[in-house]
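S.K.: need a 3D model of the following:
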Amino acid sequence: MISDEVLALATLRGVVTPEQAEALRGLARSEIEADRADLPPPPPSMPAAVAAADSVDDENLRFITSFADIFVTIGIALFSWAVADIVAHYLGETAKWGVLAVAAWGLAEFFTRRRRMALPSIVLLLLFVAAAFNFVLGFVTPDDAGAYLVRRFQHFGGWMHWDPRSALIAGLATAALAALHYWRFRVPITLAAGCGALSVAFVASVHWLDPSLGGDRYNILLLLCGIGVFALAMRFDMSDPARQTRRTDIAFWLHLLAAPLIVHPLIAAYMNYEMLGTRAAFGILGIFLIFAVVSLAIDRRALLVSGLTYAGIAFSALIRQTGLVDFTRLTSITVLTLGLFILLLSAGWRPLRNTILRLLPPALAQRLPHPRSQMS
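M.R.: Just a heads-up that it's a prediction; the model follows:
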């Protein structure tokens with residue numbers, strides 16, 4: 001298209017007459033209008049698209065920003081494995097964990113702080129926290145860290161065979177390093193990792209004060225840790241009901257940590273004492289339904305995911321006791337039932353949640369996380 005400036009210059013120099021210039025302008029306008037008539041409507045703007053997505057499901061996760069995240073994560077995995085193998089061979093297991101922690105921090109300086117890549121940032125944080133914990137544990141324990149952990153976890157009562165003072169020091173040191181990592185990189189999962197380290201320190205401190213603790217009392221301690229993490233997650237969730245800030249990402253990871261800490265101790269009581277009789281199976285399913293109601297109220301699915309395996313075991317036990325299904329198809333029937341439950345719950349998530357919110361006191365319902373469309 002010839003610009004108006006060019007046509008004006010052509011008119012001044014006598015290349016075209018003013019009438020011809022105006023005719024050319026009219027021809028250009030008619031062609032543009034014809035082209036626009038054949039075009040589809042423009043796509044919505046980015047804020048509108050994001051708002052539309054949020055109205056459908058506000059538990060959005062930022063795991064991957066592009067395929068480059070996956071590519072970089074593969075590179076991190078290969079690099080870390082090679083470094084761990086070489087350092088362990090020449091310097092030992094404890095040194096391996098220390099080098100991995102330093103390497104994870106160094107890689108985060110580029111891929112997290114500068115590139116802001118989602119999946120590599122999560123992987124590097126988990127690698128750093130795990131390596132830091134194992135390094136401190138190996139450093140304060142007379143044994144080599146790797147052999148120490150392997151030997152302890154070969155026993156059923158894993159926690160009870162840990163040296164409590166070493167675990168306490170490692171947990172507190174890891175929590176402090178996680179806090180430093182969050183100050184530097186601001187990765188949302190870091191707070192959950194720090195809370196996990198503090199949970200280890202809490203259980204280890206109680207075991208140190210009372211070495212006679214049994215497995216059942218360990219479950220109580222884990223439940224207390226889970227409730228504490230859940231309360232912290234709800235504080236972040238309720239401070240951002242519209243789920244538009246970093247707080248909702250922090251809350252997600254905290255819920256993901258709290259869920260197994262709550263679910264396992266509650267259901268383990270039935271598993272240990274009742275050996276999955278009819279009463280125990282109904283008790284587990286009842287707890288699972290309570291988790292479903294809580295998950296709907298807070299609009300988080302972590303509790304349900306953590307309880308799925310136990311719900312499947314309980315449902316399978318009930319079917320087996322009825323004798324109505326061939327034992328060879330018991331697993332298939334159980335998995336089919338769980339799959340249908342998840343699909344139906346997912347399809348009816350929003351109306352079910354609306355119903356639960358209406359039953360709650362209005363002041364509480366307004367503070368709970370919710371998509372804007374669900375409260376309209």
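S.K.: output the contacting helices and strands for the top helix by length along the chain.
M.R.: Here the longest helix in the chain is taken by residue count, with DSSP state H as the criterion, and it is helix 246-273. Contact analysis of helix 246-273 by 3 or more Cβ pairs under 8 Å, 6 or more residues apart in numbering; DSSP states H and E lists helix 189-209, helix 215-238, helix 278-298, helix 302-322 as its packing neighbours. For the C-beta atoms, the positions are set from N, CA and C on the backbone; glycine is no exception.
S.K.: tell me the mean pLDDT for stretch 100-117?
M.R.: On average, the pLDDT along stretch 100-117 is 94.
S.K.: what are the buried residues along it?
M.R.: If you call a residue buried by 16 or more other Cβ atoms under 10 Å, then stretch 100-117 has these buried ones: Leu100, Ala101, Ala103, Ala104, Trp105, Leu107, Ala108, Phe111, Thr112, Met117.
S.K.: quick one: contacts for Gly171?
M.R.: Each residue near Gly171 by Cβ atoms under 8 Å, 6 or more residues apart in numbering is listed here: Phe133, Ala197, Leu198, Ser199, Val200, Ala201, Phe202, Ala204.
S.K.: could you dump these to JSON lines with pLDDT?
M.R.: Putting those into JSON lines (pLDDT from 0 to 100) gives the following:
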{"residue": "Phe133", "pLDDT": "94"}
{"residue": "Ala197", "pLDDT": "96"}
{"residue": "Leu198", "pLDDT": "96"}
{"residue": "Ser199", "pLDDT": "95"}
{"residue": "Val200", "pLDDT": "93"}
{"residue": "Ala201", "pLDDT": "94"}
{"residue": "Phe202", "pLDDT": "94"}
{"residue": "Ala204", "pLDDT": "90"}
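S.K.: out of these, who has the most neighbours?
M.R.: With neighbours set by other Cβ atoms under 10 Å, the maximum within the contacts of Gly171 is found at Phe133, which has 26 neighbours.
S.K.: tell me who's in contact with the nearest residue to that residue once chain neighbours are set aside.
M.R.: Setting aside the residues directly before and after it, Phe133 is nearest to Thr174 in space (Cβ to Cβ, 6 or more residues apart in numbering), at 4.4 Å. Thr174 sits next to Val129, Ala132, Phe133, Val136, Gly194, Ala197, Val200 when contact means Cβ under 8 Å, 6+ apart.
S.K.: next one: Ile262
M.R.: Here Ile262 is in contact with Leu223, Gly226, Ile227, Phe230, Leu303, Ser306 (Cβ under 8 Å, 6+ apart).
S.K.: looking at the residues you listed, which two lie furthest apart in space?
M.R.: Among the contacts of Ile262, the pair separated by the greatest distance (Cβ to Cβ) is Ile227 and Ser306, at 14.1 Å.
S.K.: okay, these two: which has more neighbours?
M.R.: Relative neighbour count places Ser306 above the other of Ile227 and Ser306, with 22 against 14, counting by other Cβ under 10 Å.
S.K.: what about that one, distance to Thr112?
M.R.: Using Cβ to Cβ, to the nearest Å, one gets 28 Å for the distance from Ser306 to Thr112.
S.K.: residues touching Ser306, list them.
M.R.: Residues near Ser306 by Cβ under 8 Å, 6+ apart: Ala259, Pro260, Ile262, Val263, His264.
S.K.: including distance to Thr141 and pLDDT, could the residues you listed go into CSV?
M.R.: Written out in CSV, the entries for the contacts of Ser306 read as follows (distance: Cβ to Cβ, whole Å; pLDDT from 0 to 100):
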residue, distance to Thr141, pLDDT
Ala259, 30, 92
Pro260, 26, 91
Ile262, 30, 92
Val263, 30, 89
His264, 26, 88
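S.K.: list the buried residues in the longest helix of the chain.
M.R.: Residues 247-270 are the ones in helix 246-273 that count as buried (16+ other Cβ under 10 Å).
S.K.: tell me the angle that helix makes with helix 302-322.
M.R.: Computed with axes from the mean of the first three to the mean of the last three Cα atoms, to 10 degrees, the direction of helix 246-273 lies at 30 degrees from that of helix 302-322.
S.K.: how far does helix 246-273 sit from its chain's centre?
M.R.: Average the C-alpha atoms of helix 246-273, do the same for its chain, and the two points are 12 Å apart (Cα atoms, centre = their mean, to the nearest Å).
S.K.: same question for stretch 171-180.
M.R.: Offset of stretch 171-180 from its chain centre (Cα atoms, centre = their mean): 20 Å.
S.K.: now that stretch: average pLDDT?
M.R.: Rounded mean pLDDT across stretch 171-180 is 96.
S.K.: in the chain, which helix or strand is least confident?
M.R.: Every helix and strand of the chain was ranked by mean pLDDT, DSSP states H and E. The lowest is helix 46-56, at a mean of 44.
S.K.: give the next helix or strand downstream of that helix.
M.R.: Past helix 46-56, heading to the C-terminal end, the next element that is a helix or strand (DSSP states H and E) is helix 67-91.
S.K.: which other helices and strands does that next one contact?
M.R.: Helices and strands touching helix 67-91, by 3+ Cβ pairs under 8 Å, 6+ apart, are helix 93-111, helix 118-140.
S.K.: picking that back up, farthest-apart pair in the contacts of Thr174, please.
M.R.: Between any two of those, the greatest separation by Cβ to Cβ is 14.1 Å, found for Val136 and Gly194.
S.K.: perfect, I'm done here.
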